[in-house]
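1. how would this look folded up:
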Amino acid sequence: MLQEDPSRTHLAAEPEQIAALYEGTNQPLVQPTGRTAQPAQAAVIALQEGALYEVVVALTLTESGENIIYTGPPVQKKDVKSAIDEALNFAESMGFILDASGWAKLDEERRSELLDRLPAFKPPELKVLEPLERTRSDDPMAAVARLFAAFCALLLVNCSGMSAEQRVQAAEIHQQLGDNLLREGDSQQALKEYLQSLDSEETPEAHNGVGLIYAWSLGRPGDGEKEFKRALEMKPDYSEAMTNLGALYIARGRFDEAVPLLDKAARDPLYKSRVLAQSDLGWALYKAGQSEKGIGEIRAALSVAPKYCLGWRQLGTIYSEQGKLDDARSAFGRYAEECPEVPDAHLQSGKVLARQSKAAQARAEFERCAVVKDEKDKPVAAECAKFLKEMGTP
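-> The predicted structure is shown next:
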C-alpha cells in the first residue's frame, strides 16, 4: 500500500538508480489530504537501492509547486513489475494517464532531458496560492433560488429542530450545491456540501458525490469504493454509481468486477451517460481477456457518440497493443479528427504513424501537439517535442 512520505520534498536520485520511469500525459484536478484542490503532474519511478527496489508515485501540484511523494515497502527485483502495476493503478485512480518512457533504451542525453523536464526531481519552488475566484454557474438564478430555499428552510426551524420534510429538503439543497461545485472544479467545497447533505438525510446521490471526491480528488480509492457501494445498497439500479464504481475497479485493475456493473449501467435506457458506461465496459472486457467483445462495445458506444474522445483512445490503444497498426492508425486518426483540440489525440496518432515509418505524417501530428496552449498540456507538449527532436531535420 502506497503512503505519503512527508519527509521527502523531491526525488534525489541519480540516473543510474532508475530502473523504470512512467510519465503522466495529463494534469487532472487532485486534492491530496490537507492541500487545496489543484491540477497536478505525475510520474511513477522504480529506484534501485542496492539489492532492493523502491517504487514511488511522485505528484507535483502545479499551482503550489509542492512535490508529494508516495512510497511503498522496498521489494526484490522479481516483485518490481507488480509494485509498478500497483503504483500505476494508484496514480490512475486519481485520474492520471501515464506512458512508459522506455528508460532502459534511452541514451544518456535523452535521460538527462527527461529528468530535467520532470519537476519531481528538483527541490520545489513553493508558491503562495491566491484565493481562487469561483467559476460562475451556468445558471446563477437557479443557484440563488436554491440558496433562498435554504434560508427559508432555516427560518422554519424552531427549538424542536427540523421536521422530517425539512431535513429531506435541506439534504436535496446541499446535494445539488455539491453537484454544482464539483462540476465547477471546487471539490473541497463540494465535499462539505455532500457531507452536510448526509447529516440532514442519507441519500444515494450524496454518497455517490462523496465517492467521486474520495476516489478521484483525494486519492482515497478505498473510501470511494465504500461510498459507491453504500449508494448502490440504497438504490440498486443507480446507474451513475455503477459506472463510477466500475471505473474505479478498472483503475485498480479489478476488471472482472467492473464488467457486470458497467454492463448493467450500459443497458439502462434512461441513463443519460450510458455511452461512458458502454465504452468503459469495452475496456474492462478487453483487459479481462475478451478482446473482440470489448472492441464491439467500444465501437457501439462510438456509433452513438462519435465525439467521445476517450472511446477513440481506448480503441486505438487496443489495436496498437495487438499490433494491428492500420486499425490503430484509423482509430487514433478519428480521435484527432473528432477531438482536434486535445493534444493527446495528435500525440497518439503521431506515435502509431511513426511506428509505420510514415515520418512526414507523424511529424505533422507531433508539430500540432508540441505547442503548449494550456498549463495542463505541458507534459504532452514536452513528449511531442521529444519525438520531433528524435526524428531530426526533415
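
2. Start and end of stretch 20-28, how far apart?
-> Using C-alpha to C-alpha, to the nearest Å, the end-to-end distance of stretch 20-28 comes to 23 Å.

3. Can you name the residues that contact the residue lying closest to residue 106 once chain neighbours are set aside?
-> Sequence neighbours aside, residue 114 is the residue nearest to residue 106 in space, at 7.0 Å (criterion: C-beta to C-beta, 6 or more residues apart in numbering). Yep, even glycine has a C-beta here, placed from its N, CA and C like the rest. Counting by C-beta atoms under 8 Å, 6 or more residues apart in numbering, residue 114 touches 21, 23, 101, 103, 106, 386.

4. What of residue 5?
-> By C-beta under 8 Å, 6+ apart, the contact list for residue 5 reads 69-71.

5. Where in the protein is the helix or strand with the lowest mean pLDDT?
-> One helix or strand of the chain scores below all others by mean pLDDT, DSSP states H and E: helix 140-156, with a mean of 47.

6. what's the helix or strand for the residue nearest to residue 106?
-> Following DSSP states H and E, one finds residue 114 within helix 108-117.

7. coming back round to it: looking at the contacts of residue 5, which has the most residues close by?
-> Counting neighbours by other C-beta atoms under 10 Å, residue 70 leads the contacts of residue 5 with 22 neighbours.

8. On the three-state scheme, it is what?
-> Per DSSP: H, G, I helix; E, B strand; the rest coil, the secondary structure class of residue 70 is strand.

9. Residue 55 too?
-> Residue 55 falls in the strand class when you classify it by three-state DSSP.

10. Return the residues in contact with the residue lying closest to residue 30 once chain neighbours are set aside.
-> The shortest distance from residue 30 to any non-neighbouring residue, by C-beta to C-beta, 6+ apart, is to residue 40 (4.8 Å). Listed by C-beta under 8 Å, 6+ apart, the contact set of residue 40 reads 27-30, 59-62.

11. can you check residue 84 too?
-> With contact set as C-beta under 8 Å, 6+ apart, residue 84 has these partners: 20, 22, 44, 46, 55.

12. how far does the helix or strand hosting residue 360 sit from the chain's center?
-> Per DSSP H and E: residue 360 is located in helix 359-369. Distance of helix 359-369 from the chain centroid (C-alpha atoms, centre = their mean, to the nearest Å) equals 26 Å.

13. residue ranges of the strands in the stretch 1-150 of the chain, please?
-> With DSSP state E, counting those that start in this stretch, the ranges of strands along the stretch 1-150 of the chain come out as 3-4, 18-24, 29-30, 38-49, 52-61, 67-71, 98-100.
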